[in-house]
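Q: Quick one: sequence and predicted model below, then my questions.
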Amino acid sequence: MNLFFFRHNTFGSVAALDAAHVNFNELTLILNGNVNYYVNGKTIPLKKGDAVFLRSGSLRARDAVSADYISFNFDTEDNETVDLPTHIRDCITTEIKLLLSACDEIHKKNIRTDEFDSLGYILSCIIKQLAVNEKMQSFSPLTLLIKDYIQNNIDKRITLESVGKETNFSPVYCSEIFKKETGESIVSYAINEKIQEAKRLLLEDVPLNEIAENLGFENYNYFSRIFKKRVSYSPLQYKTTFFR
């Protein structure tokens, strides 16, 4: 991903844009205020919390702006895809706000020669988070409940029986709905969440045995086997390779 333009407009007046085809990708997020975009002949009314994503080649126009917004212009590599709709509603979650704040801090200092490399990396994280948020909106209340249960009980052993007890649905029904909507089994999803948490704890230099215990694994050896199967490194190898 090649980011070449970043702007945070804090309510300053910006002139309207006449209709023209853009030869880059654009992601604009509205932090406050309202603005109308016109994309490929369709009106896109944006309000606080919305975003607009324009693919290269889109026909774009925009009304004059007096709003707080952040905009990124970027190109993608041949093997990169951005799986976002044009109009992304109510998408500025706490995670997105934190990432945008990081962009502001980097841009404000403006002392690093690799500023756009750093901003481009954060933009990739923003795009991934927006895609995750969009997918989450299509999940049923049951799947969201199962996800919350796993996240809130990451330190425990997660089973289909414990999920069924928590949701008041049969374990088989929970399993079928979750797999249908996510493409992943409940147990596999729970293990992946535990592995992600293990990576975070490794970064904080928590002892390996303690990580295994804190994540509800039977013992360190079992945790190490599962970790290596999912990550291709043992916990110790992962720690020494990536966090020297």
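A: Looks like it arrived, so ask away. From a predicted model like this one, the values you see are computed outputs, not experimental measurements.

Q: only C-alpha atoms for contact and neighbour calcs from this point on.
A: OK.

Q: The helix or strand where residue 7 lies: which residues count as buried?
A: Assignment of secondary structure by DSSP states H and E places residue 7 within strand 2-14. Judged by neighbour count (16 or more other C-alpha atoms under 10 Å), strand 2-14 contains these buried residues: 3, 6, 8-9.

Q: Please tell me I have it right and residue 131 contacts residue 83.
A: Yes. Judged on C-alpha atoms under 8 Å, residue 131 makes contact with residue 83 at a distance of 6.7 Å.

Q: So between these two, which is more surrounded?
A: In this view residue 131 and residue 83 are compared by other C-alpha atoms under 10 Å, and residue 131 has more residues nearby, 17 against 12.

Q: residues in contact with the residue nearest to that one when sequence neighbours are not counted?
A: Closest residue to residue 131 apart from its sequence neighbours, by C-alpha to C-alpha, 6 or more residues apart in numbering: residue 84 at 6.2 Å. For residue 84, the contacting residues are 53, 127, 130-131, by C-alpha atoms under 8 Å, 6 or more residues apart in numbering.

Q: Mind checking what secondary structure residue 84 has?
A: coil (DSSP: H, G, I helix; E, B strand; the rest coil).

Q: Now do the most centrally placed residue in the chain against residue 96, distance only.
A: Residue closest to the average C-alpha location in the chain (C-alpha atoms, centre = their mean): residue 129, at 1.5 Å. Distance, residue 129 to residue 96, using C-alpha to C-alpha, to the nearest Å: 7 Å.

Q: What ranges does this protein have for its helices?
A: 94-109, 115-136, 141-152, 160-167, 171-182, 186-203, 208-214, 220-231, 235-242 (DSSP state H).

Q: Of the ones you listed, which is nearest residue 33?
A: helix 94-109 (16.0 Å; C-alpha to C-alpha).

Q: who's in contact with that closest one?
A: Residues contacting helix 94-109 (C-alpha under 8 Å, 6+ apart): 8, 115, 118-119, 122, 125-126, 129-130.

Q: hmm, try it at 7 Å
A: 115, 119, 122, 126 (C-alpha atoms under 7 Å, 6 or more residues apart in numbering).
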